[in-house]
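fold the stuff below for me.
(one chain, ligands or ions: 1)
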Amino acid sequence: MCGIVGYVGKNQAPSILIDGLNKLEYRGYDSAGIAVHDGQNINILKTKGRLSNLIKLVIENPLTGTLGIGHTRWATHGAPSDVNSHPHMSEDHVIAVVHNGIIENYMEIKAELLEKGYHFISETDTETIAHLIDCYYRDGFSFEDAVFKAVSRLEGAYALSIICRDCPGTLIAVRKGAPLVIGKGEGENFIASDIPALLNYTREVYFLEDNEIAVLTENSITIYDKDKNVVNRDIYHVTWDIEAAEKSGYAHFMLKEIHEQPKIVRETILKRVPENGDGIVLDNIKLDKQELDNIDRIYVVACGTAYYAGLIGKHLIEKICRIPVISEVASEFRYMDPILDERTLLIVVSQSGETADTLEALRIAKRNGARVLAIVNAVGSSIAREADDVFYILAGPEIAVASTKAYSAQVAAMYILTCHIALAVGKMTEEEFKAIRDELYTLPSKIELILQKENVEKKLAEKYKDVRNVFFIGRGLDYLVSQEGSLKLKEIAYLHSEAYAAGELKHGPIAMIDENTLVVAIAAQEELIEKTINNIKEVKARGAKTMAIAMKGNTKIAEVADDVIYIPRTMGILAPVLANIPNQLFAYYMALSLGTDIDKPRNLAKSVTVE
Ligand code: M6R
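Numbering: from 1, shown residues only. Model (predicted):
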């Protein structure tokens with residue numbers, strides 16, 4: 001939540017900061033601001049609302065200076081307003097701070113500062129940080145040391161970028177539990193919450209670790225641990241292009257990312273199951289027979305869409321490998337006192353690799369001796385760095401808040417992992433694996449076929465845009481796909497939508513069905529289709545409009561459902577990745593018809609780095 005940027009160099013900071021914020025707006029978008037040092041003083045422009053409001057403000061009141069920080073906010077403490085927007089300044093305008101995260105003990109520090117005579121104008125926890133640093137600075141500590149002193153008092157998770165009126169060439173970055181990347185330029189250096197903000201300027205980056213503080217000037221980057229020992233960090237060269245983080249002619253990032261799926265699923269599969277190779281390549285992931293023999297319980301833990309991808313993994317590992325798997329959302333896992341020991345494998349799934357609850361689940365598991373395997377997209381993210389093993393999905397930057405391509409790649413990863421485990425524990429023969437492998441290779445072109453017919457979903461969205469309630473139903477793997485379909489519709493079309501195991505409808509929710517209800521039946525598991533057809537009949541009899549997603553050739557379903565979206569035929573276990581694509585397109589076009597902000601839906605942020 002929240003995007004932060006910082007710049008120190010020879011060029012004008014405002015345009016660089018705004019450009020960076022533009023790439024980070026997906027992280028939060030209820031207000032934005034910049035602070036720029038003009039050589040004498042720090043000047044701030046900030047405003048409630050989207051980045052476009054800030055840009056207008058900057059055009060009307062141009063700032064100059066070669067040092068600055070910027071912020072795009074997802075409110076935690078204090079409603080979105082001009083005054084609660086970042087940056088926040090100390091009372092004497094000496095220190096300016098932008099912050100991503102939450103300071104848990106800010107009330108206690110605020111009380112102390114109030115007693116010392118400080119005044120607060122915002123409701124944020126961040127203003128406390130500006131005053132606290134200022135307080136140590138006034139006590140005679142250098143800017144750097146004042147930051148170290150202040151940071152040692154802060155509890156919570158945060159990333160900070162700080163400048164000081166009296167140090168016009170120094171930018172400080174702090175990280176604890178929220179992402180921060182440092183970009184190394186020539187005669188200029190950068191800070192950002194995420195790589196896309198840096199790519200117009202540099203591909204050489206350092207990932208800051210928790211409890212580290214970096215001091216940047218135009219010609220130097222020094223990383224310290226919390227005790228002010230210098231840390232040597234390897235530089236990471238970013239290989240993907242800026243185009244990957246741009247819309248490339250699509251109306252929305254979400255649509256672009258939906259269309260990237262054939263390529264991404266292909267890359268995820270081919271990296272691990274090379275076409276001319278003998279089997280599955282897991283590189284350094286340690287999951288051989290011996291290791292698996294030492295595991296008697298697997299947890300799959302994640303949030304949101306990543307959790308729904310994880311559910312497919314749970315289903316497959318249990319069904320094929322016959323190993324018990326417990327799935328849990330990370331926000332519950334961390335409080336449910338899970339049974340964990342050295343015979344437990346925790347699989348965490350996360351696009352961003354920064355989701356606070358998932359990260360905490362990982363840490364709890366590790367503290368209790370469990371092994372952690374992370375299925376992650378963002379290279380170098382906290383979850384990737386702290387897990388014992390990482391399965392990168394290689395989806396490239398996902399900018400739209402609604403996750404699409406990451407889900408498909410995560411599900412593809414689950415197929416590969418399941419096959420690997422099944423082969424290792426003797427639950428799959430080479431022939432069975434080869435059959436799945438050959439079918440896996442066909443998935444990208446089958447996704448492409450679905451995408452070529454996106455007009456189908458567009459027309460259906462136009463037809464159903466006035467429904468008030470949507471139920472997604474399915475059985476087995478279809479039910480798991482329903483859950484992701486329902487989430488997509490909620491988050492970008494703001495429609496009341498629920499996913500129900502089709503057999504559960506009669507146990508309560510059917511009471512809600514009326515003519516304002518659309519029921520979307522996922523019916524790609526052919527052995528279960530008869531039963532799902534019965535459920536469609538039941539809801540139709542109660543007035544619902546019905547739409548089904550089924551494999552090509554299934555004509556029976558067309559006799560009952562009002563509309564059917566056909567997907568190419570594939571093996572039942574591989575159907576989820578195909579059946580989910582129409583759900584994505586339907587949600588996208590419903591949102592488009594309803595005029596919502598598709599890439600930045602209200603109240604949401606891409607990366608949930610607070611509990
Ligand atoms: O970055 P993560 O995959 O850990 O994020 C998990 C969820 O916050 C995320 O999937 C969220 O549910 C998406 N907005 C769904 O589209």
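
nearest spatial neighbour of whichever residue of the chain sits closest to the ligand, skipping sequence neighbours?
Among the residues of the chain, residue 304 lies closest to the ligand, at 1.9 Å counting by C-beta to the nearest ligand atom. Glycine gets a C-beta too; all of them are placed from N, C-alpha and C. Taking C-beta to C-beta, 6 or more residues apart in numbering, and ignoring the residues beside it in sequence, residue 304 has residue 487 as its nearest neighbour in space, at 6.6 Å.

you'd agree the one you found is in a helix?
Yes: with DSSP: H, G, I helix; E, B strand; the rest coil as the criterion, residue 487 is located in a helix.

so who does it touch?
By C-beta atoms under 8 Å, 6 or more residues apart in numbering, the contact set of residue 487 is 304-305, 308, 499.

export those residues to TSV and tack on neighbour count?
As requested, those are exported to TSV (neighbours: other C-beta atoms under 10 Å):
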residue	neighbour count
304	22
305	22
308	28
499	23
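
flag every residue of the chain that's near the ligand.
Contact residues of the chain with respect to the ligand, defined by C-beta under 6 Å from any ligand atom, are listed as 303-306, 350-352, 355, 358, 401-403, 487, 491, 607-608.

mind redoing it with 5 Å?
Applying C-beta under 5 Å from any ligand atom, we find that the chain lies next to the ligand at 303-306, 350-352, 355, 402-403, 608.

please work out the average pLDDT along the helix or strand hosting residue 326.
Assigned by DSSP states H and E, residue 326 belongs to strand 325-329. On average, the pLDDT along strand 325-329 is 97.

just stretch 544-559 next, same as before
Mean pLDDT, stretch 544-559: 95.

neighbours of residue 81, just the number please.
Residues within reach of residue 81, counting by other C-beta atoms under 10 Å, total 17.

how about the nearest residue to it once chain neighbours are set aside, what does it touch?
Nearest non-adjacent residue to residue 81, counting by C-beta to C-beta, 6+ apart: residue 48, 5.3 Å away. Counting by C-beta under 8 Å, 6+ apart, residue 48 touches 30-31, 80-82, 85.

secondary structure, distance to residue 432 and pLDDT for the residues you listed - can I get that in CSV?
Putting those into CSV (DSSP: H, G, I helix; E, B strand; the rest coil; distance: C-beta to C-beta, whole Å; pLDDT from 0 to 100) gives the following:
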residue, secondary structure, distance to residue 432, pLDDT
30, coil, 51, 85
31, strand, 55, 90
80, coil, 54, 81
81, coil, 60, 87
82, coil, 62, 87
85, coil, 57, 91
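
can you map out the helices along the stretch 101-250 of the chain?
Counting by DSSP state H, counting those that start in this stretch, the stretch 101-250 of the chain has these helices, from start to end: 106-115, 126-138, 143-153.

in stretch 157-166, what counts as buried?
Of the residues in stretch 157-166, those with enough neighbours to count as buried (16 or more other C-beta atoms under 10 Å) are 157-165.

from those residues, which one has the minimum pLDDT?
For the buried residues of stretch 157-166, the minimum pLDDT belongs to residue 157; the value there is 83.

name the spans of this structure whose pLDDT lies under the cut-off.
For the chain, the stretches with pLDDT under 70 are 1.

and the longest helix for this structure?
When secondary structure is assigned using DSSP state H, the longest helix within the chain turns out to be helix 430-452.

which is the next helix or strand following that helix?
Note on helix 430-452: by DSSP H and E, the next helix or strand toward the C-terminus is helix 455-464.

list the buried residues of that following helix.
Taking 16+ other C-beta under 10 Å as the neighbour-count basis, helix 455-464 is seen to contain the buried residues 456-458, 460-461, 464.

now stretch 56-65
57-58, 63, 65.

what does stretch 24-37 give?
Under the neighbour-count criterion of 16+ other C-beta under 10 Å, stretch 24-37 has 24-37 buried.

again, but for stretch 418-435
Buried residues in stretch 418-435 (16+ other C-beta under 10 Å): 418-425, 427-428, 433.

same check on stretch 524-531?
Within stretch 524-531, the residues that count as buried by 16+ other C-beta under 10 Å are 524-525, 528-529.

touching it from outside, list them.
Among residues not part of stretch 524-531, those counted as contacts by C-beta under 8 Å, 6+ apart are 474-478, 481, 502-503, 523, 549-551, 554, 556-557, 567, 572, 575-576, 578-579.

from residue 169, how far out is the residue of the chain positioned farthest from its centre?
For the chain, the residue at maximal distance from the C-alpha centroid (C-alpha atoms, centre = their mean) is residue 140, at 41.6 Å. Remark: distance between residue 140 and residue 169 (C-beta to C-beta, to the nearest Å) = 21 Å.

likewise for residue 300?
Separation of residue 300 from residue 169 (C-beta to C-beta): 48 Å.

still on that earlier bit, would you turn the buried residues of stretch 24-37 into a markdown table with secondary structure?
A markdown table is the format used below for those (three-state DSSP):
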| residue | secondary structure |
| --- | --- |
| 24 | helix |
| 25 | helix |
| 26 | helix |
| 27 | helix |
| 28 | coil |
| 29 | coil |
| 30 | coil |
| 31 | strand |
| 32 | strand |
| 33 | strand |
| 34 | strand |
| 35 | strand |
| 36 | strand |
| 37 | strand |
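
may I ask which two of those are separated the most?
Looking at the buried residues of stretch 24-37 by C-beta to C-beta, the two members farthest from one another are 26 and 37, with 27.3 Å of separation.

can you give me the strands for the stretch 51-200 of the chain?
For the stretch 51-200 of the chain, the strands defined by DSSP state E, counting those that start in this stretch occupy 67-73, 88-89, 95-103, 156-164, 171-176, 181-184, 189-192.

most packed of these?
For these, average neighbour numbers computed from mean count of other C-beta atoms under 10 Å are highest in strand 67-73, which has a mean of 30.

give the pairing partners of it; include direction for each.
Neighbouring strands of strand 67-73 in its sheet, by DSSP bridges, are strand 3-8 (antiparallel), strand 31-37 (antiparallel).
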